[in-house]
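> Sequence isn't available, so here's the structure alone:
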């Protein structure tokens, strides 16, 4: 299987988050050092006044300043937290990257060079983790690396976590920052890709698949599905074998060219701002 990396949005996000975290730590360290200098200056001033009072045998003043030194020393600024561990957001992104890489690796072991995996495709409606193009059709793949039981009702997705005794301990919706479930994320971008290809005389069906890549992922109740969902890459490979679509070499080459063209347009537009319509 050939692999084409169109973009690495999760990696870019992780890099930006790491840079922002490090910049925040540097700012916190600078504020701490400024506060420490000011604190040490106050302590030294009081010590000078204390020693002067002792030399002049002003005992009550000396005693008051002894207490003042002790009190000021107790109010030294706290050192900022400089832990190097990832934030929760960084950990989630790393988990997502690991899931995407796992699926890509397993596909690469199973498929020959008739297949092409385009990673990080973007259009005006969003991103698709993987586009898999081959003789059996075009597949849009969203990867979720979730350690939970996933229940689905249409476009409402939920993650349920259970303890070792089977008790439900956590329940949360599965959605991106815009509140879109995995099926909505995938369908919006895939619909736009289908439209784009159809308008260019390639009316290809984009088959939509969500893969739960975590080894502890489980599928719970499923109703009114709007995408295909599987708990392993093997599920996707079965879909490839069962697909009735057929794309010839020339058609695949042209579809690949159009996908890269569409991605490049939107990727550039996102970086530089709106441009003239295609």
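Looks like it came in fine. Since we're looking at a predicted model, the values are computed, not measured. Residues are numbered from 1 along each chain as shown.

> Going by C-alpha atoms from here, please, whenever you check contacts or count neighbours.
Fine.

> In the stretch 51-200 of the chain, where is pLDDT below threshold?
Scanning the stretch 51-200 of the chain for pLDDT under 70 picks out 82-87.

> mind listing the helices for it?
Remark: helices assigned in the stretch 51-200 of the chain by DSSP state H, counting those that start in this stretch are 59-74, 88-110, 182-199.

> hey, which of those helices is tucked in deepest?
With neighbours taken as mean count of other CA atoms under 10 Å, the helices of the stretch 51-200 of the chain reach their highest mean count in helix 182-199, at a mean of 18.

> Let's have the helices of the stretch 51-200 of the chain in CSV, adding distance to residue 3.
Shown next, in CSV, are these (distance: least, CA to CA, whole Å):
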stretch, distance to residue 3
helix 59-74, 60
helix 88-110, 8
helix 182-199, 19
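
> who wins for proximity to residue 162 among these?
helix 88-110 (19.4 Å; CA to CA).

> just checking, what packs against the closest one?
Helix 88-110 sits against helix 9-55, strand 137-144, helix 233-242, with contacts defined as 3 or more CA pairs under 8 Å, 6 or more residues apart in numbering; DSSP states H and E.

> Mind checking the helices of the stretch 51-200 of the chain for the one nearest to residue 208?
Of all the helices of the stretch 51-200 of the chain, helix 182-199 sits nearest to residue 208, with 7.0 Å by CA to CA.

> Name the residues that touch that closest one?
122-128, 140-142, 155, 157, 174-176, 203-206, 208, 210, 226-227, 255, 258-259 (CA atoms under 8 Å, 6 or more residues apart in numbering).

> Which one, of the helices of the stretch 51-200 of the chain, ends up nearest to residue 29?
Once those are compared by CA to CA, helix 59-74 is nearest, at 19.6 Å.

> Residue 145 and residue 96 touch, don't they?
Yes. Using CA atoms under 8 Å, residue 145 is in contact with residue 96, at 5.6 Å.

> follow-up on the earlier one: include mean neighbour count when you put the helices and strands packed on helix 88-110 into CSV, please.
Below are these laid out as CSV (neighbours: other CA atoms under 10 Å):
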stretch, mean neighbour count
helix 9-55, 15
strand 137-144, 23
helix 233-242, 15
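
> okay, those in JSON lines with distance to residue 80 next?
Formatted as JSON lines, the helices and strands packed on helix 88-110 follow (distance: least, CA to CA, whole Å):
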{"stretch": "helix 9-55", "distance to residue 80": "6"}
{"stretch": "strand 137-144", "distance to residue 80": "35"}
{"stretch": "helix 233-242", "distance to residue 80": "44"}
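
> Between these, which one is closest to residue 216.
strand 137-144 (11.8 Å).

> That closest one pairs with which strands, parallel or anti?
Here strand 137-144 has these sheet partners by DSSP bridges: strand 126-134 (antiparallel), strand 206-212 (parallel).

> Tell me which of the helices of the stretch 51-200 of the chain lies nearest to residue 251.
Of all those, it is helix 182-199 that lies closest to residue 251, at 11.3 Å by CA to CA.
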